[in-house]
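Visitor: Sequence plus the predicted model coming up.
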Amino acid sequence: MSRWRATRLIGVALSAWLSRRARLLADVEFWRRNTSRLQVDQLRQLLQRAASTEFGRGHRFKTLLRATDVDLVSAYRCEVPIADIAAFRPLIARMREGGEPNVLWPGLVRAFAQTSGTTAGDKYIPVSQEMMRGNLRAAMDLFATSARFGTSLAAMTAGRCVFLGGSTALAMNEHGIATGDLSGLVTPLIRWPASAVYSPGPDIALMRDWPRKIEALARLTLEQDVTFVSGMASWELVLFKRVVELARERGQAVGQLRDIWPNLAMLVHGGVNYAPFAASMRDVWSGSRSGEDFPHRLEVYPASEGFIAMQDSPGDPGLRLLADNGIHYEFVPLEQGDCDDAEAFTCAEVELGQRYLVVMSTNAGLWRYRIGDVVEFDSVPARPDGRSGTGPCRLRIVGRQKHFINAFGENLIVENIEMAVTAAASATGAVIGEFTAAPVYPTRDQRAGLELIVELDRSEREHDAALLRSFRGVFDSALCALSVDYSVKRSGDCGMSEPTVTFVPTGSVHRWMAACGKLGGQHKCPRCANHREYVDGVRRAAGVSQ
């Protein structure tokens, strides 16, 4: 069979499968009625698969499987405690370093994703074959969903599909076990015909030096017909700006990115909140901060532990939980996050307007694992006890458990900072980059307060006196509106002072992250912290006096 004929047959089969899946994904009533049942099914399958492992025997998985569907979740909670990475580290070390099979997951897990968090140090997350298949299924759901956003599989794959991920370099030990960035574990699985449209290719994908990688990728894609881009918005913006700069340096008659990639059909983003970057993205795409946006955008919620959710309705910020993808989810109220006996709820038991920590039982052997993300629900599915639910399980990421500011009772979380920065940028027209916030501790001459570090283009910083005052005022007012505690602490002459806003050159945050060995890949700039380590680090990188 010729290569062209094989490609055509694969395309026809894939399109048929995607069409069927797209119809199911669009069936809002199906997901409202059946999400709870599907989640119980995922848990039962996980327990069956791992019943003979060391962890499964120690926690009586075979006994748990005798429970009815109604009782299975509660029985599982009684037997397995909620845990973070510290509880799993010894077992993971035996699997990864010692090559032991059947510890957390059946057989020998041959891949581990290395992630360096800001709150838990280096983590090694098991990546089983089942998890790989789940991630592939999630990717197919993304393509199946894209039609609802106005673009087709044919349009997205007509040119080059750019994946802006971490280094694909892997470390292999004597047991044949690979460790590296999740991108490095996934990229080798890209085979023909997908490899025919994949960019940047192995040479650039291997690079660990992110400035060099962005430069190489920009030079490569400047010459390509890019139709699809996926990555974190913060790094996508860096790439897009450099592509435009290169085109202009070469004397090409281009105005903005849309002149270079006129067939770009879909921008997929996740990992960081898009809203603070929206004006800058519009500016680089169309030349207008309030003008034309990218043709179609779709937000996803990936994690090293598994693909969690994705946007399924244009204009709706809620991300639909992937309830049938091999992972069982629970949610712990944020205020109980550090309690050994914390209550946990299924996605059908949560309440709207409340904040929860995400707890996952995965198809790679993490059991009731607390990942540290904080979410809030926009709609919840029907419960087995008859509560009708409000729709599919849709959620939004609002922060990280350890990323907050509460030095003086102000109780600010990541979502508050992001929304206030977005409001200030929108009101002032400032095109911002990365940002982070921290407490300002009182001294003899200074009241307690808050400092926000914001990257700003040089042209705007040259006229920053009036901009600074306006930006600070809107940021402060927005925080007061978003947080009652902050508003109360800001009132009166004895409360917190007006926030300090410090503009720094674009690239300052990435220079600080590079100095910390945390640049690129899945590393993200912390939006806030209850200490000054991040803020002071960025100030030093920017050459701003303390």
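Guide: Received it, and whenever you're ready, just let me know what you need.
Visitor: how about the helices of the stretch 101-250 of the chain, start to end?
Guide: In the stretch 101-250 of the chain, the helices defined using DSSP state H, counting those that start in this stretch lie at 129-146, 153-156, 182-186, 202-205, 210-221, 233-249.
Visitor: nearest to Asp385, of the ones you listed?
Guide: Ranking those by proximity to Asp385 (Cβ to Cβ) places helix 129-146 first, at 28.7 Å. C-beta coordinates here come from the backbone N, C-alpha and C atoms, glycine included.
Visitor: pull the CA atoms of the closest one into CSV?
Guide: Output in CSV follows, covering the C-alpha atoms of helix 129-146 (Å, rounded to 0.1, in the frame of the first residue of the first chain):
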residue,chain,number,x,y,z
GLN,A,129,1.4,2.7,29.6
GLU,A,130,-2.2,3.1,30.7
MET,A,131,-1.5,6.7,31.6
MET,A,132,0.1,7.3,28.1
ARG,A,133,-3.0,5.9,26.5
GLY,A,134,-5.2,8.1,28.7
ASN,A,135,-3.2,11.2,27.6
LEU,A,136,-3.6,10.1,23.9
ARG,A,137,-7.3,9.8,24.4
ALA,A,138,-7.4,13.3,25.9
ALA,A,139,-5.6,14.6,22.9
MET,A,140,-8.1,13.0,20.6
ASP,A,141,-10.9,14.6,22.7
LEU,A,142,-9.2,17.9,22.1
PHE,A,143,-9.4,17.4,18.3
ALA,A,144,-13.0,16.1,18.6
THR,A,145,-14.0,19.1,20.6
SER,A,146,-12.3,21.6,18.2
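Visitor: who touches it?
Guide: The contact list for helix 129-146 (Cβ atoms under 8 Å, 6 or more residues apart in numbering) reads 17-19, 21-22, 25, 49, 111, 152-153, 156, 185-186, 189, 266, 268, 296, 298, 300, 302, 306-307, 310-312, 322, 325-327, 362-364.
Visitor: chain center to that helix: distance?
Guide: Put simply, helix 129-146 sits 16 Å off its chain's centre (Cα atoms, centre = their mean, to the nearest Å).
Visitor: which parts of that helix are buried?
Guide: Under the neighbour-count criterion of 16 or more other Cβ atoms under 10 Å, helix 129-146 has 130-132, 134-135, 137-139, 141-146 buried.
Visitor: Now render the helices of the stretch 101-250 of the chain as TSV, adding distance to Gln256.
Guide: Below are the helices of the stretch 101-250 of the chain laid out as TSV (distance: least, Cβ to Cβ, whole Å):
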stretch	distance to Gln256
helix 129-146	23
helix 153-156	20
helix 182-186	28
helix 202-205	24
helix 210-221	15
helix 233-249	6
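Visitor: and those, which one is worst for confidence?
Guide: Among these, helix 182-186 has the lowest mean pLDDT, at a mean of 78.
Visitor: Check which helices and strands that one sits against.
Guide: Contact partners of helix 182-186 among helices and strands, from 3 or more Cβ pairs under 8 Å, 6 or more residues apart in numbering; DSSP states H and E: strand 111-117, helix 129-146.
Visitor: Reformat those as CSV; add distance to Ala194.
Guide: Supplementary listing: those in CSV, determined by distance: least, Cβ to Cβ, whole Å:
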stretch, distance to Ala194
strand 111-117, 19
helix 129-146, 10
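Visitor: Hmm, Asp122 is touching Gln114, no?
Guide: Yes: taking Cβ atoms under 8 Å as the definition, Asp122 is a contact partner of Gln114 at 6.5 Å.
Visitor: Neighbour count: the two, which is higher?
Guide: Counted by other Cβ atoms under 10 Å, Asp122 and Gln114 do not tie: Gln114 has more neighbours, with 21 against 10.
Visitor: what's across from that one in the sheet?
Guide: Tyr124 (DSSP bridges).
Visitor: check contacts around it.
Guide: Gln114 makes contact with Asp122, Lys123, Tyr124, Ile125, Thr179, Gly180, Asp181 under the criterion Cβ under 8 Å, 6+ apart.
Visitor: Weed out the non-buried ones from those.
Guide: Lys123, Tyr124, Ile125, Thr179, Gly180, Asp181.
Visitor: quick one: which of these is nearest to Arg60?
Guide: When the buried ones among the contacts of Gln114 are compared against Arg60 (criterion: Cβ to Cβ), the nearest one is Ile125, at 25.1 Å.
Visitor: still on that earlier bit, I'd like to know which of the buried residues of helix 129-146 is nearest to Tyr369.
Guide: Nearest to Tyr369, judged by Cβ to Cβ, of the buried residues of helix 129-146 is Met131 at 12.8 Å.
Visitor: now that closest one: how far from Ala111?
Guide: Between Met131 and Ala111 the computed distance is 9 Å (Cβ to Cβ, to the nearest Å).
Visitor: next one: Leu267
Guide: Where Ala111 is concerned, Leu267 sits at a distance of 29 Å (Cβ to Cβ).
Visitor: for Ser195, same thing?
Guide: Between Ser195 and Ala111 the computed distance is 20 Å (Cβ to Cβ).
Visitor: Also Gln311?
Guide: According to Cβ to Cβ, Gln311 stands 28 Å off from Ala111.
Visitor: contacting residues around the residue nearest to Gly318 when sequence neighbours are not counted?
Guide: Setting aside the residues directly before and after it, Gly318 is nearest to Arg394 in space (Cβ to Cβ, 6 or more residues apart in numbering), at 3.2 Å. Arg394 makes contact with Ala309, Asp312, Asp316, Gly318, Leu319, Arg320, Leu321, Phe377, Asp378, Ser379, according to Cβ under 8 Å, 6+ apart.
Visitor: Tell me which residues touch the nearest residue to the last one once chain neighbours are set aside, please.
Guide: I take that to be Ser379. In this structure, Ser379 finds its nearest non-sequential neighbour in Gly391, 3.6 Å apart by Cβ to Cβ, 6+ apart. By Cβ under 8 Å, 6+ apart, the contact list for Gly391 reads Val28, Trp31, Arg32, Ser379, Val380, Pro381.
Visitor: Check what pLDDT the third one gets.
Guide: The confidence metric pLDDT takes the value 95 at Arg32.
Visitor: thinking again about what came up before, out of the buried ones among the contacts of Gln114, who's nearest Ala515?
Guide: Asp181 (19.6 Å).
Visitor: Pretty sure the closest one sits against Ala113.
Guide: Yes: the criterion here is Cβ under 8 Å, and Asp181 meets it with Ala113 at 6.9 Å.
Visitor: isn't Phe88 right next to Val103, touching?
Guide: No: between Phe88 and Val103 there is no contact under Cβ under 8 Å: 9.9 Å.
Visitor: Are we agreed that Thr502 is in a strand?
Guide: Yes: under DSSP: H, G, I helix; E, B strand; the rest coil, Thr502 sits within a strand.
Visitor: Any figure for the gap between it and Val454?
Guide: 7 Å.
Visitor: who's more crowded, these two?
Guide: More crowded of Thr502 and Val454, by other Cβ under 10 Å: Val454, with 25 against 17.
Visitor: how about the more buried one, phi and psi?
Guide: Main-chain dihedrals, Val454, degrees, to the nearest 10: phi -130, psi 130.
Visitor: Quick one, grab the pLDDT at it.
Guide: So Val454 comes in at 95 (pLDDT).
Visitor: Then Ala448?
Guide: 83.
Visitor: which ones are touching it?
Guide: Applying Cβ under 8 Å, 6+ apart to Ala448 gives the contacts Ala407, Phe408, Pro439, Val440, Tyr441, Pro442, Met496, Ser497.
Visitor: Go again with 10 Å.
Guide: With contact set as Cβ atoms under 10 Å, 6 or more residues apart in numbering, Ala448 has these partners: 407-410, 439-442, 489, 494-497.
Visitor: Format those as a markdown table; extra columns: pLDDT and distance to Arg60.
Guide: Putting the contacts of Ala448 into a markdown table (pLDDT from 0 to 100; distance: Cβ to Cβ, whole Å) gives the following:
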| residue | pLDDT | distance to Arg60 |
| --- | --- | --- |
| Ala407 | 81 | 45 |
| Phe408 | 80 | 47 |
| Gly409 | 77 | 44 |
| Glu410 | 85 | 45 |
| Pro439 | 89 | 46 |
| Val440 | 90 | 52 |
| Tyr441 | 84 | 50 |
| Pro442 | 77 | 54 |
| Lys489 | 83 | 49 |
| Cys494 | 63 | 57 |
| Gly495 | 75 | 54 |
| Met496 | 86 | 52 |
| Ser497 | 90 | 56 |
